[in-house]
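Chemist: Next comes the sequence, and after it the predicted model I'd like to discuss.
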Amino acid sequence: MQKKYRLIDILFGVISIFAVMMFAISFSAFIPCFFKGFYTPWINWLNIPESSHFTYERIVNGYSNIIDFLWKRSDFNPGIPMSESGIDHFRDCIPLFWMQLWFMLSSTLYLLIYHILIKVNKVKRVYFLRLPLYSFGGFLTIISLAAIGIFAAIDFDTLFVLFHKVFFPGKSNWVFDPNVDQVIRILPETYFLVCAVFIIGLSILISVLSIVIGIVDYKNKKEREFVSSFYSTILMVDSIDRLTPKSIKKLKRKDREKVLSYKNENDQKLSLLARLLEKEYLGNHKIGYNEQNKPILKGPIQYNLSHKERYVVIGLSSSLIGVDIEKNKELDNSFIEFSFSKDEIKNMEVMGYSPVKMWTIKEALLKCVGTGIIKKPNQEVVIIKSENSLLYQNETYFFASFNYGDYIISVVSKDNNLPSEVKHA
């Protein structure tokens with residue numbers, strides 16, 4: 001168990017294990033014990049009229065009265081001969097019926113309160129072996145009922161007797177004489193076997209559902225943690241210098257083939273480092289691509305990559321993001337005129353930005369919107385409005401630029417929670 005959990009978190013989690021078990025079994029038992037319609041289809045299926053020598057109507061009315069009696073809705077009068085001892089046994093069953101109802105309602109109420117407390121952050125859900133604790137209630141129920149089911153398949157009669165000895169200790173009035181307690185003719189052992197199979201089957205189904213919900217819950221938990229870790233834009237930079245000959249073995253075969261498809265050794269290293277950063281920071285989140293081949297995450301987090309010579313930069317944000325890294329050097333006039341419009345050149349002079357810095361901002365912006373450079377660069381007009389905002393096609397974006405040794409790194413996002421520094425991965 002992780003140390004970050006409080007004692008109350010663990011306590012609520014452990015109780016949820018037994019609450020799931022109680023709910024699965026008591027709810028499954030409640031259906032045949034409460035709903036009279038559960039019995040009706042089995043009357044002809046089990047040939048009860050032939051074996052009991054009672055009419056269908058008499059059987060239905062008799063069973064209906066027994067259920068009403070067990071739930072204290074009427075006196076015992078099934079219209080079928082019954083000894084006083086046999087009637088006493090049905091009286092002994094009344095507490096069991098109400099007990100399983102209490103188990104069902106109390107476990108349901110507990111699980112509901114537990115869910116509400118988690119939602120309002122009063123209690124933390126406890127996870128163990130990548131599952132919330134309540135899912136282990138499902139496992140324990142399946143194991144327990146599977147053992148009982150195997151026992152029943154091998155020797156149901158012994159299990160039937162054992163059940164009555166456990167729940168009716170010291171009493172023998174549950175042993176009916178069909179000639180005196182004729183009501184037992186409409187409740188043969190085969191019907192109790194049907195009920196047992198139904199209860200075990202439905203309990204296991206509910207237990208499996210609790211496990212599946214737990215798996216989804218854990219997956220959503222990892223997603224929530226992933227999203228909450230990026231409440232602001234993060235910018236990380238790494239160098240190919242940290243790569244070793246074994247680094248490529250960390251990638252899947254498909255990614256290794258992509259890396260080795262580059263003929264230039266430095267390009268291979270940059271591609272390898274980019275894949276490793278994706279694996280480290282994006283985990284198992286699936287990466288897709290838009291029409292302009294921009295990588296996008298299939299989820300609430302967005303990311304972008306850029307590389308230059310020895311470095312790879314990765315940016316992560318809860319909104320659209322683009323990053324770029326360039327060597328800080330002088331650019332000749334022909335490149336400046338090709339890359340920037342007259343308005344941009346004037347804007348650059350007013351803001352006191354170097355052409356390289358302006359280019360990284362522009363490149364990051366076009367990667368952010370997901371188009372890249374599809375026209376001549378000087379036709380894509382980007383106007384800097386302030387120290388951290390710009391205007392592109394009448395929409396406002398936010399940016400930040402950093403000096404990193406001999407390089408300039410810029411990040412552009414629709415979110416104003418921009419990083420104050422570049423972190424080394």
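Modeler: On my side now, so go ahead. As the structure is a prediction and not an experimental result, all values here were calculated from the model.
Chemist: Check which residues of the host helix or strand of Val350 are buried.
Modeler: Using DSSP states H and E, Val350 falls within helix 342-351. Buried residues in helix 342-351, defined by neighbour count with 16 or more other Cβ atoms under 10 Å: 344-345, 347-348. No exception for glycine: its C-beta is placed from N, CA and C like everyone else's.
Chemist: For it, name the packing helices and strands.
Modeler: helix 355-369, strand 383-384 (3 or more Cβ pairs under 8 Å, 6 or more residues apart in numbering; DSSP states H and E).
Chemist: what's the angle from the longest one to helix 342-351?
Modeler: Same thing as helix 355-369. 120 degrees (axes from the mean of the first three to the mean of the last three Cα atoms, to 10 degrees).
Chemist: and Thr244, how many residues sit next to it?
Modeler: Neighbour count for Thr244, taken as other Cβ atoms under 10 Å: 7.
Chemist: A helix includes it, no?
Modeler: No - going by DSSP: H, G, I helix; E, B strand; the rest coil, the assignment for Thr244 is coil, not a helix.
Chemist: for the lengthiest helix in the chain, which positions count as buried?
Modeler: Longest helix of the chain, by residue count under DSSP state H: helix 189-228. By neighbour count on 16+ other Cβ under 10 Å, the buried set for helix 189-228 is 191, 193-196, 199-200, 202-204, 206-207, 210-211, 214, 217-218, 226.
Chemist: now do stretch 406-424
Modeler: So stretch 406-424, judged by 16+ other Cβ under 10 Å, has buried residues 407-415, 418-419, 422.
Chemist: distance between the ends of it?
Modeler: One end of stretch 406-424 sits 15 Å from the other (Cα to Cα, to the nearest Å).
Chemist: if you average pLDDT over it, what comes out?
Modeler: In this model, stretch 406-424 has a mean pLDDT of 87.
Chemist: next one: stretch 157-173
Modeler: 87.
Chemist: again, but for stretch 317-328
Modeler: Per-region confidence: stretch 317-328 scores 89 on mean pLDDT.
Chemist: end-to-end on it?
Modeler: Using Cα to Cα, the two ends of stretch 317-328 sit 25 Å apart.
Chemist: same check, this time on stretch 402-418
Modeler: 12 Å.
Chemist: what about the closest residue in space to Ile118 that isn't next to it in sequence, which SS state?
Modeler: Residue nearest to Ile118 in three dimensions, not counting chain neighbours: Arg125, with 5.3 Å by Cβ to Cβ, 6 or more residues apart in numbering. Under the three-state scheme (three-state DSSP), Arg125 adopts coil.
Chemist: My understanding was that Arg125 contacts Leu117; is that so?
Modeler: No - using Cβ atoms under 8 Å, Arg125 is not in contact with Leu117; the gap is 9.6 Å.
Chemist: So which of these two has more stuff around it?
Modeler: Arg125 (20 against 16).
Chemist: lowest-confidence helix or strand of the chain?
Modeler: Ranking every helix and strand in the chain by mean pLDDT, DSSP states H and E puts strand 295-297 at the bottom, with a mean of 69.
Chemist: ok, now which ones touch the residue nearest to Ile118?
Modeler: Arg125 sits next to 9, 13, 118, 132-133, 217, 221 when contact means Cβ atoms under 8 Å, 6 or more residues apart in numbering.
Chemist: how about low-confidence regions in the stretch 151-300 of the chain?
Modeler: Residue ranges of the stretch 151-300 of the chain with pLDDT under 70: 222-233, 283-285, 290-295, 297-300.
Chemist: Isn't Val259 up against Leu272?
Modeler: Yes - checked against Cβ under 8 Å, the pair Val259 and Leu272 is within contact range at 4.8 Å.
Chemist: list residues touching both of those two?
Modeler: Contact with both Val259 and Leu272 is made by residues 248, 251, according to Cβ under 8 Å, 6+ apart.
Chemist: Of those two, give the one with the bigger neighbour count.
Modeler: More crowded of Val259 and Leu272, by other Cβ under 10 Å: Leu272, with 23 against 20.
Chemist: any idea which element that one lies in?
Modeler: Per DSSP H and E: helix 265-282 holds Leu272.
Chemist: helices or strands next to that helix in the packing?
Modeler: Looks like helix 265-282 contacts strand 234-239, helix 253-260, strand 302-308, strand 311-317 (3+ Cβ pairs under 8 Å, 6+ apart).
Chemist: hmm, 10 Å instead?
Modeler: strand 234-239, helix 253-260, strand 295-297, strand 302-308, strand 311-317 (3 or more Cβ pairs under 10 Å, 6 or more residues apart in numbering; DSSP states H and E).
Chemist: Sweet, I'm off.
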